[in-house]
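>>> With the input below, show me the fold.
(chains A, B, C and D)
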Amino acid sequence: MKTINMSYFAFFRDLAKKSSEVVSTQAGTPKELYQELKLKYDFNLCPSKLKVAINDEFKTFDTVLTDGDKVVFIPPVAGG
Amino acid sequence: MKTINMSYFAFFRDLAKKSSEVVSTQAGTPKELYQELKLKYDFNLCPSKLKVAINDEFKTFDTVLTDGDKVVFIPPVAGG
Amino acid sequence: MSLTIGNTKFEITDQSLENRNYRELFADPRVGGVVTFEGRVRNHNEDKDVTSLEYEVYPELALTEGKKIVEEALAKFDINNAYCVHREGHLQIGDMAVWVMASSEHRENAFLACQYIIDEVKARVPIWKKEHYVGQEPIWVRCDKCASHRHHGEH
Amino acid sequence: MSLTIGNTKFEITDQSLENRNYRELFADPRVGGVVTFEGRVRNHNEDKDVTSLEYEVYPELALTEGKKIVEEALAKFDINNAYCVHREGHLQIGDMAVWVMASSEHRENAFLACQYIIDEVKARVPIWKKEHYVGQEPIWVRCDKCASHRHHGEH
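Okay, here's the model as predicted:
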C-alpha cells in the first residue's frame, strides 16, 4: 500500500465534495488510481478526456506512482 | 483656363513651401496638372507612385478637371 | 494587486483586470507594435443565457504551464516581450477573464504571438469554468459533454 | 479630448492616446474577445536612429478613407465593433501613433479584423510621417526612395 495526496479541482471537486484527501491505495499507476476513484465518487469522465499531473507536472497515465506522490486528475480545461 | 484649388501635404508641401494655392491652368486632367507643377516646384516623385484626390475623393489621373475643383496629389502614405 | 513585470510572464489573480497600467511591459523603445487580447465573460454560450462564470485554477501547474506557453511564444516569434494574466474566482458578464500582450518591432509577429498564447492557454492551462444560467443548474464547461451521464439512464 | 463612440469608427487627433478609456466601445455583453493593436514610435527604422516623428494628415480624405476601412472590416468579419484612432503632430519615441480595436463573440474574427484594419490604414489612408534622425536631415518616409533625386546628379 502506498499513500497518495489527491487534490480535486472543478468537476472532480464537486463530485468528491472535497478539494483534497490522502488515499491509501495499491494502484501502481494513475490509470489504476482513476478506476478506484471512479467507483468511490462516481467520476464519470472518460479517461481519454483527462490528463494527470504528478507532483505538479503533467505525466502519462501509466507513470509508476511513488509513495507520497501528489496526484491531480485534470478534466478538460476551459480557461480564457 | 480653369481655376484649381491646390492643397499640398507632406513631401509636396515642403517642396512647394506652401500648403495651398489657387492655380490657373489649361491642364485637362490631374496627369497634365502634375507635369505643370513638377516644373514649377521640382516635384520629383514618379507619377506611378502617386495618387490623386479631387474634391476629397480618390480619382484616376485621367479624370477630367472642372473649374473650381480641389486637387491634392498624394505621395506614398506612411501612417501607423 | 501589484503589476507583474520583469521575469514573470504569466500570472493568476483574483483581482479585477480593469484599469491596470501595463505600459512598463512594452516600454522598450525598439517596440513598434503592441497587440493585446482581452477575453471577457459573454452573456451566452452556444444556446444558453449565461449569468456569471466561476473560474477555478490548479495554481501550481497553471503557473508553470502558462509561463511555458509565453516562453514558447518568445522563442517562436520575433517579439520583444509577451505576458498573460488570467482571473480566478466568480466573474460577472463583461468582466475581463484573461489579458494577453505581445510586443514587437514589426506588427505581424506580435499578432501571431498574441494569438498563439491565447490559443495555447485555452487548450493547455489547468483552469476551469463553471457557467451559471437562468433557470438551469450550472455546469463545468467542456466536462458536461464528455461525462457519461450514467444517472440519466438509471430508473 | 472626447472619447469617440457610436457611429464614429475612425478618428484623427492631435492629443495623446495614452490613458484613454475605451471600455464603452465593447460594452456589448455578447462580446467575448477584444483585440487591440497599438503602433508606437520606434527608436529606429531600417538602419537609422530615429529621434522623433511628425505625422501629417490630409484630414478630409483620411477620415472618409479610414471610416471606409473600418466599415469594410465590419462587413468582412463577424465582429461586434471596430474602431481606429490615429495621431497627428510631432511624436516622441514610445508615443502611441495609432490604436485599433476589434471586438467579437469569437476571438479569431477580432484578430483578423484588427489586423485587416491596421494593414489597410497603413496602405491607404493619407497620413505621412517625417522621420527625424541624429545628425541627418529628416525625411518623409516612403517618399525618399521614390524621389528621382535629380539634385544629386547636378554638378
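
>>> ranges for the helices of chain C?
Counting by DSSP state H, chain C forms helices over residues C:59-76, C:107-124, given from the N-terminal end onward.

>>> So which of those helices is the most surrounded?
helix C:107-124 (a mean of 21; mean count of other Cβ atoms under 10 Å in any protein chain shown). For every residue, glycine as well, the C-beta is placed using N, CA and C.

>>> now the strands for the chain?
Let's take chain A. In chain order, chain A shows strands spanning A:2-7, A:20-25, A:51-54, A:57-59, A:70-74, with DSSP state E as the criterion.

>>> Chain C was what I was after
When secondary structure is read from DSSP E, chain C shows strands at C:10-13, C:33-40, C:44-45, C:48-57, C:81-87, C:89-92, C:96-104, C:127-133, C:136-140.

>>> Tell me how far the helix ranked longest in chain A lies from the chain's centre.
Selection of the longest helix in chain A by residue count, based on DSSP H, yields helix A:30-41. The gap between the average C-alpha position of helix A:30-41 and the chain average comes to 7 Å, counting by Cα atoms, centre = their mean, to the nearest Å.

>>> Ok, stretch A:72-80 next?
In terms of Cα atoms, centre = their mean, the centre of stretch A:72-80 is set 12 Å apart from its chain centre.

>>> Can you pull the residues of chain C lying near chain D?
When proximity is defined as Cβ under 8 Å from any Cβ of the partner chain, chain C approaches chain D at C:18, C:23, C:26-27, C:29-44, C:93-94, C:105, C:107, C:110-111, C:114-115, C:118.

>>> Could you identify the buried members of these?
Listed as buried from the residues of chain C next to chain D are C:26, C:31-43, C:93-94, C:105, C:107, C:110-111, C:114-115, C:118; burial here means 16 or more other Cβ atoms under 10 Å in any protein chain shown.

>>> who in chain C is up against chain A?
With Cβ under 8 Å from any Cβ as the criterion, chain C meets chain A at residues C:39, C:55-58, C:60-61, C:64-65, C:86, C:97-98, C:118, C:121-130, C:140-143, C:146-150.

>>> Give the partner strands of the lowest-mean-pLDDT helix or strand in chain C in its sheet and their orientations.
The helix or strand of chain C with the poorest confidence is strand C:44-45; it has a mean of 87 (mean pLDDT, DSSP states H and E). Partner strands for strand C:44-45, per DSSP bridges, with pairing direction: strand C:48-57 (antiparallel).

>>> buried stuff in the strand it pairs with?
Of the residues in strand C:48-57, those buried under the neighbour-count criterion (16+ other Cβ under 10 Å) are C:50, C:51, C:52, C:53, C:54, C:55, C:56, C:57.

>>> how distant is stretch A:26-40 from the center of its chain?
Taking mean C-alpha positions (Cα atoms, centre = their mean), stretch A:26-40 and its chain are 8 Å apart.

>>> re the thing from before, is any part of the longest helix of chain A close to chain C?
No: remark: helix A:30-41 sits outside contact range of chain C, by Cβ under 8 Å from any Cβ, the gap being at least 10.1 Å.
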